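> need a 3D model of the sequence below.
(one chain, ligands or ions: 1)
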Amino acid sequence: MTLEAHLLDRIAREGPLSVAEYMTDCLLHPTLGYYTTRDPLGAAGDFTTAPEISQMFGELIGLALAQAWMDQGCPAPFTLAELGPGRGTLMADILRATKSVPGFLDAAQITLIEASPVLRQKQRDMLLGSAVHWIETTNHLPDAPLFLVANEFIDALPIRQFVRTGPGWRERCIGAPDGKLAFGLGPPGKWADLDHRLEDTKDGDLIETCRPAQAILDDIGHRIETFGGAGLIIDYGDWRTLGDTLQAVRAHEYVDPLSAPGQADLTAHVDFEALCADVPCAHTRVTPQGIFLERLGISQRAEALAKTGCQARKDVIVAHHRLTHPTEMGNLFKTLGLFPTNGPPPPGLDP
Ligand code: SAH
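So this is what the prediction gives:
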């Protein structure tokens with residue numbers, strides 16, 4: 001059975017699906033989902049990410065986490081966690097870069113949260129030789145100081161969409177009126193937790209919510225506040241999003257999100273304001289990735305790598321540009337730092 005057939009069957013039985021239900025099936029259906037059945041990253045895949053572009057990204061993130069750990073008195077043991085680690089490249093670069101930080105790796109219990117069995121295997125291969133373990137959700141994190149990174153993870157979590165109608169909203173959903181998947185709108189209703197968006201929207205505007213992201217931030221924020229630690233959340237999005245940001249990417253091209261369920265990556269922009277609205281620890285200002293990486297010293301690192309050879313020089317210049325330039329990933333991607341109230345913010349970020 002194809003995922004499309006499964007979705008049509010589900011709609012016939014249960015009625016229209018919310019965008020969140022559609023995203024969850026598309027990305028994580030146990031046998032037909034996009035992430036569950038493939039490694040989507042890299043030139044031969046559907047999309048690429050900062051750690052896959054250059055080792056500089058993971059090295060700087062690793063050193064930022066190690067600095068945050070030292071700023072909090074080198075707690076031991078602690079959890080070094082990553083959410084949605086893809087191929088394990090970011091964690092491999094973090095581990096290599098922090099080898100020279102005295103005591104850091106000895107005290108680190110490396111924990112990965114990954115839903116895809118295919119990508120878990122990739123991570124196992126990439127991190128061979130390091131003691132790594134996997135858990136299902138952030139609820140299962142140990143009660144210990146938590147130093148965590150999540151790059152392009154929150155954007156993969158299921159969103160719901162609502163269209164403003166007068167003083168209320170209609171949920172955008174996916175049905176199959178002519179036997180083909182199509183967007184539609186549910187009946188008008190009121191959602192108390194959307195009331196604050198009545199201030200900045202007008203009739204016909206579309207807003208998005210991502211409860212699973214808020215639940216995860218609540219969980220890790222609670223641990224950081226209680227046990228100490230720091231979180232670096234890096235993703236595309238803005239302080240407040242407005243409008244339809246659901247997008248599908250296949251073979252490095254945008255496609256219609258309903259055209260190839262389970263065959264294309266589905267993401268949505270991160271609404272950082274909603275993400276940190278109730279987070280139970282302190283958070284930094286949202287900082288563009290380019291500025292964050294420059295503050296961490298990406299230009300100095302690029303110069304050092306460029307000295308290793310002519311090809312290296314060319315590659316490093318291209319990678320530096322892609323990661324930091326405002327017309328590339330530098331401005332679209334943002335970084336949010338989490339830290340304990342009364343503790344120091346992670347390096348490169350403003351409280
Ligand atoms: N961070 C990596 C990969 C980003 S792709 C990088 O920067 O290269 C998104 C990752 O999140 C994949 O590893 C995917 O399998 C994982 N993922 C998506 N939804 C998830 C969920 N609900 N729980 C755990 N992992 C998830």
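
> near the ligand, which residues of this structure show up?
Applying CB under 6 Å from any ligand atom, we find that the chain lies next to the ligand at 27, 35, 41, 49, 51-52, 84-86, 90, 113-116, 119, 151-153, 156. Where C-beta positions appear, they are placed from N, C-alpha and C, glycine not excepted.

> can you do 5 Å?
By CB under 5 Å from any ligand atom, the residues of the chain that approach the ligand are 35, 49, 51, 84, 86, 114-116, 119, 151-153, 156.

> grab the most central residue of this protein for me.
Central residue of the chain (CA atoms, centre = their mean): residue 153, 2.1 Å from the mean position.

> residue 99 in helix, strand or coil?
coil (DSSP: H, G, I helix; E, B strand; the rest coil).

> tell me where the stretch 51-200 of the chain has helices.
55-71, 89-97, 104-107, 117-126 (DSSP state H, counting those that start in this stretch).

> do you know the pLDDT at residue 144?
If you check residue 144, the pLDDT there is 98.

> hmm, I typed the wrong one, I wanted residue 309.
Looking at residue 309, its pLDDT is 85.

> direction included, what does the lengthiest strand in the chain pair against?
Counting by DSSP state E, the longest strand found in the chain is strand 229-238. With DSSP bridges as the test, strand 229-238 is paired with strand 146-151 (parallel), strand 270-271 (parallel), strand 333-339 (antiparallel).

> circling back: neighbour-wise, which one of the residues of the chain next to the ligand leads?
Compared across the residues of the chain next to the ligand, residue 51 has the highest neighbour count, 28 neighbours, by other CB atoms under 10 Å.

> count the residues that sit near the residue lying closest to that residue once chain neighbours are set aside.
Leaving aside its chain neighbours, residue 51 sits nearest to residue 90 (3.8 Å; criterion: CB to CB, 6 or more residues apart in numbering). Residue 90 has 28 neighbouring residues, counting by other CB under 10 Å.

> hang on, residue 90 packs against residue 83?
No - checked against CB atoms under 8 Å, the pair residue 90 and residue 83 is beyond contact range at 10.6 Å.

> any common contacting residues for these two?
Common contact partners of residue 90 and residue 83 (CB atoms under 8 Å, 6 or more residues apart in numbering): residue 149.

> any chance you could map the strands in the stretch 201-350 of the chain?
For the stretch 201-350 of the chain, the strands defined by DSSP state E, counting those that start in this stretch cover 206-209, 229-238, 247-250, 253-255, 265-267, 270-271, 282-283, 287-288, 333-339.

> verify the stated contact: residue 188 with residue 165.
Yes - applying CB under 8 Å as the test, residue 188 and residue 165 come out as touching, 5.3 Å apart.

> the helix or strand bottoming out on mean pLDDT in the chain to strand 333-339, inter-axis angle?
Lowest by mean pLDDT, DSSP states H and E among the helices and strands of the chain is helix 310-324, with a mean of 93. Going by axes from the mean of the first three to the mean of the last three CA atoms, to 10 degrees, helix 310-324 is angled at 70 degrees with respect to strand 333-339.

> check what pLDDT the residue nearest to residue 80 when sequence neighbours are not counted gets.
Distances taken as CB to CB, 6+ apart place residue 108 nearest to residue 80, at 4.0 Å, with adjacent residues excluded. Residue 108 is assigned 98 on the pLDDT scale.

> residues in contact with stretch 289-300?
The contact list for stretch 289-300 (CB under 8 Å, 6+ apart) reads 50, 56-57, 60, 63-64, 234, 320, 323-326, 329-335, 347-349.

> walk me through the domains of the chain.
3-32+160-208, 34-158+210-339 (automatic domain parsing).

> return the most buried member of the ones you listed.
Across the domains of the chain, averaging neighbours per residue (mean count of other CB atoms under 10 Å) puts domain 34-158+210-339 on top, at a mean of 19.

> would you point out which residue of the stretch 201-350 of the chain is nearest the ligand?
Closest contact between the stretch 201-350 of the chain and the ligand, by CB to the nearest ligand atom, is at residue 212 (7.0 Å).

> pretty sure that residue sits against residue 156.
No - look at residue 212 against residue 156 with CB under 8 Å: they stay out of range, at 9.9 Å.

> read off the pLDDT value for the residue in the chain sticking out farthest from the centre.
Distance to the chain centre peaks in the chain at residue 178, reaching 34.9 Å (criterion: CA atoms, centre = their mean). Model confidence at residue 178, given as pLDDT, is 93.

> equivalent analysis for the one 3 residues further on, please.
Residue 181 carries a pLDDT score of 98 in this model.

> again with residue 96
So residue 96 comes in at 98 (pLDDT).

> right, and it touches residue 61 too?
No - taking CB under 8 Å as the definition, residue 96 is not a contact partner of residue 61, at 11.8 Å.

> contacting residues for residue 104?
Contact partners of residue 104, counting by CB under 8 Å, 6+ apart, are 66, 69, 74, 98.

> ignore the last one, residue 184
Shown in contact with residue 184 (CB under 8 Å, 6+ apart): 16, 172-175, 177.

> what's the answer for residue 65, then?
Counting by CB under 8 Å, 6+ apart, residue 65 touches 80, 94, 98, 147, 149, 230, 232, 346.
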